[in-house]
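>>> how would this look folded up:
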Amino acid sequence: MDNHRSKGRSPAPQPGGTLTSAEARWLSPYGEVKSAWEKTEKGIKYRITIPPNCTAEVMIGGKTELLTTGGYKYEL
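Just a heads-up that it's a prediction; the model follows:
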């Protein structure tokens, strides 16, 4: 995660094995970062939250995207 002052962690969910879901939260100095995934009948649902005034490089499905503040949902 990035803001104008600092670099930090970037979400990179990695589903696999026998797990059907996972969620991680990290309280950064700028707010809470959340990353979650869940297996569904259609594939995998991802949910990611980036705190205010921050950006994050997020890797999902082998692709990297630059996300800004907010909540995001993907289904692959």
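
>>> need the longest strand for the protein.
Counting residues, the longest strand in the chain under DSSP state E turns out to be strand 44-60.

>>> tell me the mean pLDDT for that one?
Averaged across strand 44-60, the pLDDT comes to 90.

>>> over to stretch 63-76?
Mean predicted lDDT for stretch 63-76 stands at 92.

>>> how far does it sit from the chain's center?
Distance, stretch centre to chain centre, for stretch 63-76: 7 Å (C-alpha atoms, centre = their mean, to the nearest Å).

>>> repeat that for stretch 22-40.
6 Å.

>>> how about that stretch: buried residues?
Within stretch 22-40, the residues that qualify as buried are 28, 30, 31, 33, 34, 35, 36, 37, counting by 16 or more other C-beta atoms under 10 Å. For glycine as for every other residue, the C-beta is placed from the backbone atoms N, C-alpha and C.

>>> strands of this structure, start to end?
Remark: strands assigned in the chain by DSSP E are 21-28, 31-39, 44-60, 63-75.

>>> format these as CSV; extra columns: distance to residue 15.
Shown next, in CSV, are the strands of the chain (distance: least, C-beta to C-beta, whole Å):
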stretch, distance to residue 15
strand 21-28, 7
strand 31-39, 5
strand 44-60, 5
strand 63-75, 12
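
>>> so what's residue 35 bridging to?
Assessed by DSSP bridges, residue 35 has beta-bridge partners residue 24, residue 48.

>>> do you know how far it is from residue 23?
In this view, residue 35 and residue 23 are 7 Å apart by C-beta to C-beta, to the nearest Å.

>>> and for residue 34?
Residue 34 is 7 Å from residue 23, by C-beta to C-beta.

>>> repeat for residue 48
The value you get for residue 48 to residue 23, if C-beta to C-beta is used, is 11 Å.

>>> who touches both of these two?
The contact sets of residue 48 and residue 23 overlap at 34, 35, 36 (C-beta atoms under 8 Å, 6 or more residues apart in numbering).

>>> circling back to that earlier point, tell me which other helices or strands the longest strand of the chain touches.
Counting contacts by 3 or more C-beta pairs under 8 Å, 6 or more residues apart in numbering; DSSP states H and E, strand 44-60 packs against strand 31-39, strand 63-75.
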